[in-house]
Each structure stands twice: as structure tokens, then as C-alpha cells.
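Enquirer: Model the following, please.
(2 chains)
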Amino acid sequence: MSTTVVDARNLLCPMPVIRAQDAVVKLQPGDTVQVLCTDPGVVHDIPAWCRIHGHEIFKIDEQGHEIVIHICVGTGN
Amino acid sequence: MFAVVPLMSQKPKAVALISGGLDSLLAARVVMEQGVHVEGINFFTGFCVEGHTHAIRKQDRAKPKRNNALWSAEQLGIKLHIIDIIEEYKDVVINPKHGYGANLNPCLDCKIFMVEKAREWVEEHGFDFIITGEVLGQRPMSQRKDTMPVVARDSGARDRLVRPLCAKNLPVTMPEIRGWLDRDKLYGFNGRSRKPQMALAEKFGFEDYAQPAGGCCFLTDKQYAVKLGDLWATRGTREYDLDDIMLLKVGRHLRPRPNFKVIVGREEGENRFLEGYRKRFVHMIPRSHSGPLVLIDGELAAGDIELAARLTARFSQGRDAAQVTIEVKPVDADAHCLDVLPLTADEIPADWYI
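Expert: Predicted coordinates:
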């Protein structure tokens, strides 16, 4: 199992979603991704993308203007 | 080449262009009703209206937020692939073969390009055909009886492009010939009325779908097009990067001199967004009074710094004061302060506003 960090700070949606998507498709089920963001829209958009692709959000950290979304890669079904 | 024709036991597979609007949502659903496996594709050009001003402006953040393309995919229960086409799209914007619409919107070239990208995706992923939500007669450039065949032809999709909402007004497509789609269960919508789509949405139980609100692309927006035209004209080139086109969505833009313009944050959210560009631009901040962050775009000549500082003071809370202290931060030098008299309203000609 690996953890990949994606820096999507100062990007507006949907770019953080695209960066997360591009990282997730290269990984195996059970791997995790941390997406660093500043656009508050990511707390809706990245979970929505994960729901339709079968991945799990297991934590969202918000500190000041920064948001970290933690994704566990699913089977893609 | 497109995928090999599926065996009888395999479901045909289609990709639907999902914009987040009602038409693409319905088009995908109509095809799914006929037993086709559908996945969605959504292209990000950099000019998409979706979410950006909402994300930047603090006053808009209290409103419910969603990405309508993702919402559509969730309603349909399909995967959505969001694809960054910013770089490739530049040629569509800069050199549209079929010209612009009312503003800088290259709608026909845009539709051809997106269907072509979808065709490439289909070929790469072993899918069979493409679905769009186009309706004959609904848009003045790309959805006319004479231009819809151009989209099918120039994209290379040809008879693998299915427009389920107006298919009965168009030639028969390959999926119909193969028996994957029953033409009788497709539709013959025509014109600008939204009533048939609303009725179909009700039939499928779709509620709370995105309402048309002036288009989904900033290039159709008159004010935005003026700003982009100004950027191109003053730089002497039509080249742009993502930061250029993002900044055109934010703040007041004023051009006091041909060699520079100022971008003035209008509220806290915009100021915070502009802060992300401080290392790239000369910028100014009022220090004696509260006020906006101002970015200076261009090469400053003698006297321009003071003019920009007086303009910055005009947009501060000290606009009526005898003196306002403005911090000036060059890109490659330490910040320094200037004490200036704010410009009066009469000293800012209307044609400075872009």
C-alpha cells in the first residue's frame, strides 16, 4: 500500500478533481491519496467524484484556508 | 478505428458528453434506457463557468455548491471522466475555422473539437459510439440543420455520433442500423423551446437539474470577451496561459495607460485569490486604510507607479482622505511605501474600465 500526495493548492475546481483523478487511476485498490487544496468547492466535488468511481474518502482536514482530502482507492466498480 | 462490433451477449458501450446541463443528462438517460452501457466525459477548457466565481467570491460561498457534471453523473449512476484540454483548446479559441459567435465564442469549432476528443477517447477505451445532448435549432452556431452534419463529419465521428433528443430529425446512425438503438424510442425535439426537455425530465424523475443561466462558457460573456480582447491587443499576441484567463474572471480591470492595467480585488475572497499571484506581479496594498489588493499587469514607465498607487487609494476606505499610504511591492525588490492623494471619481475616465 502506498500514499501519494497531490498538490492542488491555488487551483480551482475542477482542476483539483482532475489532479486527484489522474493520481488515483495509476494506483491499486487500498492505496491512499492526500489531495492538498485551497478551493472550498473540493469538499463537495472530490467526494462526488469518488462516489461515482467507487473510491472512499476517509478523512477531510481543514486548517485555515487549506483543505486536505484523504482518499482510499477502491476497485473502480 | 472504433471498437470491434460487440457480440450479441455484450452490451454496446457509449460515452456521453456531459456538460452538467439538462440536455446532456437526458440524452445519456435515453440511451441507457435502451440497455447501452454509458459513461460520461466532461472537458475542462479553462473557460468553463462551473464553480469558479463561486469559489473565489466570498459572498457566493453561502450558496449551495455543486459541480453539475458530477451531479448529472450521480443522477445517472455512471462514471464521469473529467479531462483537462486547456492546452489543446487554445488553437480552437485563437484560430477558429468557422469563426466566432456574438463574442469570442467559437461554438462550432468547439463542438467539433469536443466530439473529436470524445471519438479519440472512444477508440482508446474500446467504446462503440458517442452521445451528445444537441437539439436541432437550439443554438445559433453549432446546433443548426446545416452545421450539425459538419460536427459529425469534421470530428471524424460520422454515423457513430448519436443525438438522442433530436435523432428523428437527422439521418439514421450506426447504433440504430446495428439494432442497438430503437429509433422509435429516440426523440425529434426541434427549436429553442425547453418544454419538451422539461417534460422528459419529469418523466425520468429528474428534479433540481441545472437551469440555463447564460451559458456554461465565459467566451459567450460580453464583458469577459472584451477583457480577453484587450489582453490580446495590448500584448500583441493571442497566446495565453491558464493564469491569464483565470485572472480575467476576477476583480475590476482598469487600463489607465496602454502599457499597463490594474486588477482590483472587489472583496475578501477575490483579494485572497489575487494573493496567490503576488510573486508574479507588481502589487499594491493600502496600509493607512483598509482596501483591496491590486495587481499591476504590464511594464511600468516613469510616473505609472504613482498613478497606480493613487488609483489603488481611490478603491480604499481612504478615498476621501488627503493622503493614503500605499505599500508597493515590485516583483524582484523589497516593498516600499508611497503617500498619495487618491484619485477623484472624475479623474477616472469611464474608458479606463475594461
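Enquirer: and stretch A:52-61, does that touch chain B?
Expert: Yes: counting by Cβ under 8 Å from any Cβ of the partner chain, chain B is contacted by stretch A:52-61 at A:52-53. C-beta coordinates here come from the backbone N, C-alpha and C atoms, glycine included.
Enquirer: Could you check how far residue B:99 is from residue B:90?
Expert: Noted for residue B:99: a distance of 17 Å to residue B:90, by Cβ to Cβ, to the nearest Å.
Enquirer: Which one of those two is surrounded by more residues?
Expert: Shown here are residue B:99 and residue B:90; by other Cβ atoms under 10 Å in any protein chain shown, residue B:90 has more neighbours (17 against 11).
Enquirer: Now name the helix or strand holding residue B:261.
Expert: Under the criterion DSSP states H and E, the helix or strand holding residue B:261 is strand B:260-264.
Enquirer: what element comes up after that strand heading to the C-terminus?
Expert: Next along the chain after strand B:260-264, taking DSSP H and E as the criterion, comes helix B:268-275.
Enquirer: Quick check: residues of chain A near chain B?
Expert: Checking chain A against chain B by Cβ under 8 Å from any Cβ, the hits are A:10, A:12-15, A:17-18, A:21, A:39-41, A:44-45, A:48-49, A:51-53, A:65.
Enquirer: tally of neighbours for residue 45?
Expert: Let's take chain A. 27.
Enquirer: wait, chain B
Expert: The tally of other residues near residue B:45 (other Cβ under 10 Å) stands at 21.
Enquirer: Same question for residue B:94.
Expert: Neighbours around residue B:94, by other Cβ under 10 Å: 14.
Enquirer: ditto for residue B:243
Expert: By the criterion of other Cβ under 10 Å, residue B:243 has 14 neighbours.
Enquirer: for it, what are its contacts?
Expert: Residues counted as contacts of residue B:243 (Cβ atoms under 8 Å, 6 or more residues apart in numbering or on different chains) are B:277, B:280.
Enquirer: Please identify the helix or strand for it.
Expert: helix B:242-247.
Enquirer: helix or strand right after that helix?
Expert: Once the chain leaves helix B:242-247, the next helix or strand it forms, by DSSP H and E, is strand B:252-257.
Enquirer: Give me the mean pLDDT for that next one.
Expert: Here strand B:252-257 scores 97 as its mean pLDDT.
Enquirer: same thing with stretch B:230-238?
Expert: Averaging pLDDT along stretch B:230-238 gives 95.
Enquirer: Averaged pLDDT, stretch A:30-48. What do you get?
Expert: For stretch A:30-48, mean pLDDT rounds to 94.
Enquirer: Quick one: end-to-end length of that stretch, please.
Expert: Counting by Cα to Cα, to the nearest Å, you get 19 Å between the two ends of stretch A:30-48.
Enquirer: Could you check how far that stretch is from the centre of its chain?
Expert: Mean-position distance between stretch A:30-48 and its chain equals 3 Å (Cα atoms, centre = their mean, to the nearest Å).
Enquirer: cool, and stretch B:268-287?
Expert: Remark: stretch B:268-287 is offset 24 Å from the chain centroid, using Cα atoms, centre = their mean.
Enquirer: helices or strands next to the lengthiest helix in chain A in the packing?
Expert: Identified as the longest helix of chain A according to DSSP state H is helix A:42-53. Packing contacts for helix A:42-53, counted by 3 or more Cβ pairs under 8 Å, 6 or more residues apart in numbering or on different chains; DSSP states H and E, involve helix A:15-24, strand A:32-37, strand A:56-63, strand A:66-72, helix B:68-76, strand B:80-84.
Enquirer: Residue B:315: which of these is closest?
Expert: strand A:66-72 (28.4 Å; Cβ to Cβ).
Enquirer: hmm, back to that, from the residues of chain A next to chain B, list just the buried residues.
Expert: Using 16 or more other Cβ atoms under 10 Å in any protein chain shown as the burial test, those include A:10, A:12-15, A:17-18, A:21, A:39-41, A:44-45, A:48-49, A:52-53 as buried.
Enquirer: quick check, residue B:115 in a helix?
Expert: Yes: judged by DSSP: H, G, I helix; E, B strand; the rest coil, residue B:115 forms part of a helix.
Enquirer: For the one helix or strand residue B:202 maps to, give me every contacting residue.
Expert: Assigned by DSSP H and E, residue B:202 falls within helix B:195-204. With contacts defined as Cβ under 8 Å, 6+ apart, helix B:195-204 is touched by B:22-23, B:25-26, B:29-30, B:135, B:165, B:187, B:189, B:207, B:209.
Enquirer: please redo it, this time with the cut-off set to 6 Å
Expert: B:22, B:26, B:29, B:189 (Cβ atoms under 6 Å, 6 or more residues apart in numbering or on different chains).
Enquirer: Greatest separation within those residues: which pair is it?
Expert: Going by Cβ to Cβ, the pair spanning those furthest: B:29 and B:189, at 14.1 Å.
Enquirer: burial measure for residue A:42, as a count.
Expert: As a burial measure, residue A:42 scores 28 neighbours (other Cβ under 10 Å).
Enquirer: residues touching it, list them.
Expert: Shown in contact with residue A:42 (Cβ under 6 Å, 6+ apart): A:16, A:67.
Enquirer: what about it, distance to residue A:17?
Expert: Note on residue A:42: its distance to residue A:17, by Cβ to Cβ, is 7 Å.
Enquirer: what does residue B:351 give?
Expert: 40 Å.
Enquirer: Now do the nearest residue to residue B:180 once chain neighbours are set aside, the pLDDT please.
Expert: Excluding its sequence neighbours, the residue lying closest to residue B:180 (Cβ to Cβ, 6 or more residues apart in numbering or on different chains) is residue B:12, at 4.4 Å. With respect to pLDDT, residue B:12 scores 97.
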